[in-house]
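Q: Sequence and predicted structure below; questions after.
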Amino acid sequence: MRKTAIKKDKRTRLQKNFQQTVLKLYRKKTLDEITINEVCEKVGVPRSSFYYHYNTIRDVLEEIEKDFIKELSKSLSVLEINGLEEKERYLKSLEASLPVIKTYEQFIKTVVV
């Protein structure tokens with residue numbers, strides 16, 4: 001694997017760690033109570049690593065939300081729903097969205113519900 005691919009993979013894993021940590025903390029605290037120091041301590045990285053990817057804790061949640069919406073839209077955009085009745089369209093849409101909802105289950109439970 002090339003160096004740039006390794007760096008990108010490491011960056012993606014770190015961002016996912018930040019996201020998961022923020023979601024875990026958000027289940028127990030309000031957004032304003034979560035500190036960047038606390039997140040970095042739990043992830044095991046210096047504050048500078050957080051600031052390399054995000055400016056605030058809200059940015060982390062916004063990124064999760066954007067990813068969720070993008071993936072949900074992508075899963076629904078591939079549907080061929082012309083000619084289907086409303087009930088069938090609804091069921092097809094729901095069926096197409098379930099894998100994305102499962103992937104983002106913790107986000108939905110924490111933020112949306």
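A: All right, it came through fine. Residues are numbered from 1 along each chain as shown.

Q: Check which helices and strands the least confident helix or strand in the chain by mean pLDDT is in contact with.
A: Every helix and strand in the chain was compared by mean pLDDT, DSSP states H and E; the lowest is helix 86-103, with a mean of 80. The contact analysis (3 or more C-beta pairs under 8 Å, 6 or more residues apart in numbering; DSSP states H and E) places helix 86-103 against helix 57-77. Using the backbone N, CA and C atoms, a C-beta is placed for each residue, glycine as well.

Q: And the helix it packs on, what's buried?
A: Buried residues in helix 57-77, defined by neighbour count with 16 or more other C-beta atoms under 10 Å: 57, 60-61, 63-64, 67-68, 71-72, 75.

Q: nearest to Tyr104, of these?
A: Distance to Tyr104 across these (C-beta to C-beta) is lowest for Phe68, with 4.5 Å.

Q: Please name the residues that touch the closest one.
A: 100, 104, 107-108 (C-beta atoms under 8 Å, 6 or more residues apart in numbering).

Q: Drop anything exposed from these.
A: Buried among these by 16+ other C-beta under 10 Å: 100, 104, 107.

Q: The first one touches Leu72, doesn't it?
A: Yes. With contact defined as C-beta atoms under 8 Å, Val100 counts as touching Leu72 (4.8 Å).

Q: re the thing from before, as JSON lines, the buried ones among the contacts of Phe68 with distance to Thr30 would be great.
A: Shown next, in JSON lines, are the buried ones among the contacts of Phe68 (distance: C-beta to C-beta, whole Å):
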{"residue": "Val100", "distance to Thr30": "27"}
{"residue": "Tyr104", "distance to Thr30": "21"}
{"residue": "Phe107", "distance to Thr30": "17"}
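
Q: Report the buried residues of the longest helix anywhere in the chain.
A: In the chain, taking DSSP state H as the definition, the longest helix is helix 3-28. For helix 3-28, the neighbour count (16+ other C-beta under 10 Å) marks 14-15, 17-23, 25-26 as buried.

Q: now do stretch 33-50
A: Those would be 34, 36, 39-40, 43, 49-50, for stretch 33-50 by 16+ other C-beta under 10 Å.
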